[in-house]
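>>> Sequence unavailable; structure follows:
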């Protein structure tokens, strides 16, 4: 939930997320299908919050959560509920974006949610005062880093790694994007994409979804258990969000 990339590709889009967590956090469950009021939802489950940081539904709509908004904040618990419940709540509704806009976010810690809905890309940031929604160009690649873990200098260098990698004109596939998430800034334990700060805070997983018109392929690399899980998700014909 701390580094996210978005790539448009010839036959769809690819979302990928590195999740960085403290070592005392429970190991998440691999991606599975869960029933909701609006059809099946597919996501890895955070055991501690019973929520997730990465989700897709049967329409090929997807969402990824990062901690923090545009600037680093002071954490001041207790909060109303975990940010990890945001995605499951809004994807349980027929209109995902409206569900987020209608949700009472007061008492929830700042977060950023990236949504891909019916071909449109949205950056949604809650800063404890207001929800700011910005539509991004879904025809361009993007990278986001959580401001709770990375300062402006670190974020700028990560963006430069991203730009440099793109300039090498890689053939964009799910596997080489996952490889980018595993190797960019290699050797920089403090803020490489695969980070490890004194074995107390580190990247615990890489989750990726390739969404094409008829199929979504979710790959989950569990770095703690050295396991890879794949989930093929047949998609329904797209309708209104």
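Happy to help now that I have it. Please read these numbers as outputs of a predicted model, since none were measured by experiment.

>>> Check which residues of the longest helix anywhere in the chain are buried.
Of all segments of type helix in the chain, defined using DSSP state H, the longest is helix 152-167. Residues 154, 155, 157, 158, 161, 162, 165 are the ones in helix 152-167 that count as buried (16 or more other C-beta atoms under 10 Å). C-betas here are computed from N, CA, C, even on glycine.

>>> Just the strands from the chain, written as ranges.
Ranges of strands within the chain are 3-9, 12-22, 29-36, 39-45, 54-57, 62-67, 111-117, 120-126, 131-136, 142-145, 196-197, 201-211, 215-222, 227-234, based on DSSP state E.

>>> measure stretch 43-56 end to end?
Start and end residues of stretch 43-56 are separated by 7 Å (C-alpha to C-alpha, to the nearest Å).

>>> Please report how far the residue nearest the centre of the chain lies from residue 122.
For the chain, residue 64 is the residue whose C-alpha lies nearest the centre (C-alpha atoms, centre = their mean; 2.9 Å). Using C-beta to C-beta, to the nearest Å, residue 64 is found at 11 Å from residue 122.

>>> Show me whatever sits in contact with both of the two.
Common neighbours of residue 64 and residue 122, using C-beta atoms under 8 Å, 6 or more residues apart in numbering, are residue 114.

>>> so how far is the first residue of stretch 53-70 from its last?
Its first and final residues considered, stretch 53-70 spans 18 Å by C-alpha to C-alpha.

>>> Now do it: distance to the chain's middle.
5 Å (C-alpha atoms, centre = their mean, to the nearest Å).

>>> Number the residues from 46 up from this point.
Renumbered: residue one is now 46, and that last one reads stretch 98-115.

>>> Could you give the average pLDDT over that stretch?
Averaged across stretch 98-115, the pLDDT comes to 97.

>>> Buried residues, it. List them.
Result for stretch 98-115 [16+ other C-beta under 10 Å]: buried residues 98-114.

>>> Hmm, residue 217 and residue 59 touching each other?
Yes: between residue 59 and residue 217 there is a contact under C-beta atoms under 8 Å: 7.1 Å.

>>> Comparing these two, which shows the higher neighbour count?
Between residue 59 and residue 217, counted using other C-beta atoms under 10 Å, residue 59 has the larger neighbour count: 21 against 15.

>>> if we can go back for a sec, name the residues contacting each of residue 59 and residue 217.
Residues touching both residue 59 and residue 217 (C-beta under 8 Å, 6+ apart): residue 52.

>>> what's the distance between the nearest residue to residue 161 once chain neighbours are set aside and residue 122?
Excluding its sequence neighbours, the residue lying closest to residue 161 (C-beta to C-beta, 6 or more residues apart in numbering) is residue 107, at 4.7 Å. As for residue 107, its distance to residue 122 is 29 Å (criterion: C-beta to C-beta).

>>> for residue 78, same thing?
For residue 78, the distance to residue 122 equals 32 Å [C-beta to C-beta].

>>> These two: which is more packed in?
residue 78 (13 against 5).

>>> show me what contacts that one?
85, 86, 87, 276, 278.

>>> so it bridges to which residues?
With DSSP bridges as the criterion, residue 78 is bridged to residue 87.

>>> what do you get for residue 168?
In this structure, residue 168 bridges to residue 159, residue 179 when assessed by DSSP bridges.

>>> Could I get the contacting residues of it?
157, 159, 178, 179, 180, 181, 189.

>>> Can you spell out which residues form a bridge with residue 112?
Residue 112 has these beta-bridge partners by DSSP bridges: residue 156.

>>> quick one: it from residue 56, how far?
32 Å.

>>> same deal with residue 83?
Relative to residue 56, residue 83 is positioned 26 Å away (C-beta to C-beta).
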